[in-house]
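Enquirer: Below are the sequence and a predicted model for it; my questions follow.
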Amino acid sequence: MLHAIAPGQGVHEQSAELGPIPVRRLGALSVPAQGLGCMGLSEFRGPVDRGEALRAVHRALDAGVRMLDTADIYGLGHNERLVGQAVRGMTVQYEPLLRRFGAEQVMGVCGPSELHAHGDTFTEVCRNLGYASIKMWPYSPMIGFERALRVMRELPVTGLFCTPGMAVALAKAAVRAGSDPRRDFAMDVLMLTGETAPPSLLAHIGELWDAEAHLALYGSQESSVLALGSADGDLRLTPLLNHYEVVDPVSLEPAAPDADGVLRGEMVATHLYQGAKPLVRYRTGDLVRLYPDGSVEVLGRAAARLSVNGVETTVYDLEDVLITGISGYLDHRILIGERDGRDALTLVLTPEHDGVLPQQLDAPIAACREAFGTDLDVVVADAETVLDATAPVSWKTPRIHDRRTGRG
């Protein structure tokens, strides 16, 4: 069977191992001219380590290859199963990132409940990598934050799959219990998913735990996996699973690239694999920025259009402007209000230590004034007291609250 791969998504123009991959025009498509014959990964050329075979396929994909030649007679079906795992496998995608932290990781998996697929998915990744894993549900009355933190400290847990909000909530619970997340825990890496998370938030969470914070996955229960975290720190599309389009969320016309080739609009996905619910041109409802190299930024919901003093923005970009560079705080909320006929912005910061104010506020205050034409009011208080808005799902943390008339 010949697996034809959707071209043009996540293609790296060249690889140190394979060199530049020639590209040919096929109608309206730009198609990489080089494919990969996969027969030798299963038979005829001696024993092949499964991990090495998977990595070989991924090296070809990283170089731009988008056609994999396999057949059911290669290894009596082994080859097709191997290629299928390679093009779908989260394990192979995460391996270069997670292996940097050693082979003896203990990974915690924190989801909203024991029933959520989040836990099984990431536990399977850990098993494939040979890592120990433990499922922890701090919001469950059977577990709670106290027990989860004790397990994290005593094992110790060195990596965590969770939402950004959960990573912050665990750090806050540790501080309130008299612990220091940096000193008393052994965290190396946090793999975050489920919420928008601009670079400034990732940097903040990493600083709280003295660890690296990465985006792990973009997708949904409806669309399945749309992008995965990579060793270079970006979310990257999975072009062997889906065909991607970016459209204007109002007109539904294809989004036009800007001068740098970046597309901005609503993500539309079509599944390229058989399943119980293959999706065709499924509107995700998510506003994204898609870069020519296949990396993607998820900016928020397309329906939640955001304008501050006439400046069109997104929850992703607004948050990034307002918290970049700030230190000495645990949690935050952003309030959008009105004052004297104009939009006003307030940043609520929970201090890391009582009596010690957050630092490096001048830069975001100046950035707010330049970007949105308003001063940024900073309030030092418990951010959890801002309770007038709820997240779309109870385990997701709403960090931006629009209090303007008719907007909240």
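Expert: Looks like it came in fine.
Enquirer: for the closest residue to T405 other than its chain neighbours, which residues make a bridge with it?
Expert: The shortest distance from T405 to any non-neighbouring residue, by CB to CB, 6 or more residues apart in numbering, is to E338 (6.9 Å). (Glycine included, C-beta is placed from N, CA and C.) Following DSSP bridges, E338 is listed with bridge partners D343.
Enquirer: show me what contacts E338?
Expert: E338 sits next to A344, R403, R404, T405 when contact means CB atoms under 8 Å, 6 or more residues apart in numbering.
Enquirer: can you tell me how far it sits from L201?
Expert: Plainly put, E338 is 26 Å away from L201 if you go by CB to CB, to the nearest Å.
Enquirer: try I365
Expert: Going from I365 to L201 by CB to CB gives 18 Å.
Enquirer: out of the two, which sits in the more crowded spot?
Expert: Counted by other CB atoms under 10 Å, I365 and L201 do not tie: L201 has more neighbours, with 24 against 16.
Enquirer: Mind pulling up the pLDDT for the closest residue to that one other than its chain neighbours?
Expert: The spatially closest residue to L201, leaving aside those adjacent along the chain, is P164, at 5.9 Å (CB to CB, 6+ apart). Looking at P164, its pLDDT reads 95.
Enquirer: Just give me the neighbour total for F44.
Expert: So F44, with other CB under 10 Å, has 9 neighbours.
Enquirer: That one: what secondary structure?
Expert: coil (DSSP: H, G, I helix; E, B strand; the rest coil).
Enquirer: For G37, see how far away it is.
Expert: Separation of F44 from G37 (CB to CB): 11 Å.
Enquirer: With I73 instead?
Expert: To G37, I73 is 14 Å away according to CB to CB.
Enquirer: contacting residues around L361?
Expert: Shown in contact with L361 (CB under 8 Å, 6+ apart): I326, V378.
Enquirer: quick one, phi/psi of it?
Expert: Note on L361: backbone dihedrals following degrees, to the nearest 10 are phi -90, psi -20.
Enquirer: From T385, how far out is it?
Expert: 20 Å.
Enquirer: show me the contacts for the residue nearest to D188 when sequence neighbours are not counted.
Expert: Nearest non-adjacent residue to D188, counting by CB to CB, 6+ apart: F101, 4.3 Å away. Contact analysis of F101 by CB under 8 Å, 6+ apart lists T158, G159, D188, V189.
Enquirer: what bridges to M191?
Expert: Going by DSSP bridges, M191 forms beta bridges with F161, H214.
Enquirer: wait, it sits on G159?
Expert: Yes - using CB atoms under 8 Å, M191 is in contact with G159, at 6.8 Å.
Enquirer: Low-confidence ranges, the stretch 101-250 of the chain, go.
Expert: The stretch 101-250 of the chain contains residues with pLDDT under 70 at 112-118.
Enquirer: Can you show me the strands along it?
Expert: If you assign secondary structure with DSSP state E, counting those that start in this stretch, the strands in the stretch 101-250 of the chain sit at 106-110, 132-136, 159-162, 189-193, 212-220, 224-229, 235-237, 242-247.
Enquirer: Go ahead and report the secondary structure state at A259.
Expert: On the three-state scheme (three-state DSSP), A259 is labelled coil.
Enquirer: and the residue of the chain positioned farthest from its centre, what are its phi and psi?
Expert: For the chain, the residue at maximal distance from the C-alpha centroid (CA atoms, centre = their mean) is F44, at 39.8 Å. The phi and psi values for F44, taken as degrees, to the nearest 10, are phi 80, psi -20.
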